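**Student:** Fold the stuff below for me.
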Amino acid sequence: MDTIILLKNKLEKGRQKVFDKSRTCLVEKCQNKAIGSHVLQREGILNNIADKTHHFYSINLRSIFDMKENDLFEIKKMGINDCYKFPGFCSHHDNEIFKLIETHPIDLSSPKSLQLFSYRTVCLEYRKREIYLELVKDKLNVYKEIFPKKYHYVDFRPAEIAIKDLTFYKKEFEADIRNNTNSKFDLTLIDLPFKKVCFSSTLSIYDKENQHTFEYDKYGAERTEPLAASILNYFPYNDKSYLIVASHKKYFEQ
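**Tutor:** The predicted model follows:
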């Protein structure tokens, strides 16, 4: 078999194994299997961007065989049951923790609702980074197997640092949720004109005036505190679209 074809076969097989891997619930000490949870509520939110056949367009990674340089993603029409999901929580905790924002109608005037949207997004990003790190490690192992006489190196630190930061934010949210408080984050709701678009993500922007956005200190050493991040949720609901922005009160973007 051609070496490049063999390489792609092994990379694709490894990638699917990582994506199909059974994962445990993100609630501490829970060993139950994580289900495929929708990132945003299906009935009240995702149905707003779906067509009559319950499909909508989503950005996804291409197959290894279809990837080209600077062309790693594809826009694909997918069913609402198969898309915008992640293996985050077991069925019990998914229902217990997020009941407030999974029950229609959603009270967006409640800080608790904004808190739960933001917490779930942090958990989504944590799991994505976890999966990404596994993918990179698998890719390195495949290259070592196919090209054993060559030297291969991958810097895992960026992904490991991101996981460390997201673990911090995850625990900070969990402390507030457990204590029924909102002491650690500023939560902002912005209403905007209705658009059939949604996303949930964390964003860090470098700002030379804000030391919390520096990846390294002035001596070039890795920072010990988490990188400032904005936790974003944007979605249509009823006749408007909404942007929820959460930022840590100590580690924030100005």
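
**Student:** For Lys171, give me its contacts.
**Tutor:** With contact set as CB atoms under 8 Å, 6 or more residues apart in numbering, Lys171 has no partners. Backbone N, C-alpha and C define where each C-beta goes, glycine included.

**Student:** Look up how far Asn48 lies from it.
**Tutor:** 32 Å (CB to CB, to the nearest Å).

**Student:** How about the contacts made by Phe168?
**Tutor:** So Phe168 contacts Pro226 (CB under 8 Å, 6+ apart).

**Student:** That one: which element?
**Tutor:** Phe168 belongs to helix 157-179 when elements are defined using DSSP states H and E.

**Student:** Which residue is the nearest non-sequential neighbour of the residue nearest the centre of the chain?
**Tutor:** By CA atoms, centre = their mean, the chain has its centre lying nearest to Glu125, at 2.5 Å. By the measure of CB to CB, 6 or more residues apart in numbering, the closest residue to Glu125 outside its immediate chain neighbours is Thr202, 4.8 Å from it.

**Student:** Name the helix or strand for that neighbour, please.
**Tutor:** Using DSSP H and E, Thr202 falls in strand 199-203.

**Student:** Quick one: low-confidence residue ranges for the stretch 1-150 of the chain.
**Tutor:** Along the stretch 1-150 of the chain, the parts satisfying pLDDT under 70 run over 1, 64-72.

**Student:** Just the buried residues of stretch 44-63, please?
**Tutor:** By 16 or more other CB atoms under 10 Å, the buried positions in stretch 44-63 come out as 44-46, 48-50, 55-56, 58.

**Student:** Going by residue numbers, what spans are strands in the stretch 51-200 of the chain?
**Tutor:** 55-61, 73-79, 85-87, 185-193, 199-203 (DSSP state E, counting those that start in this stretch).

**Student:** So which of the ones you listed is the most surrounded?
**Tutor:** Among the strands of the stretch 51-200 of the chain, the stretch with the highest mean neighbour count (mean count of other CB atoms under 10 Å) is strand 85-87, at a mean of 20.

**Student:** buried residues in stretch 236-254?
**Tutor:** 236-237, 241-242, 244-248, 251-253.

**Student:** ditto for stretch 142-154
**Tutor:** In stretch 142-154, counting by 16+ other CB under 10 Å, buried: 142-143.

**Student:** chain center to it: distance?
**Tutor:** Computed by CA atoms, centre = their mean, to the nearest Å, the chain-centroid distance of stretch 142-154 equals 30 Å.
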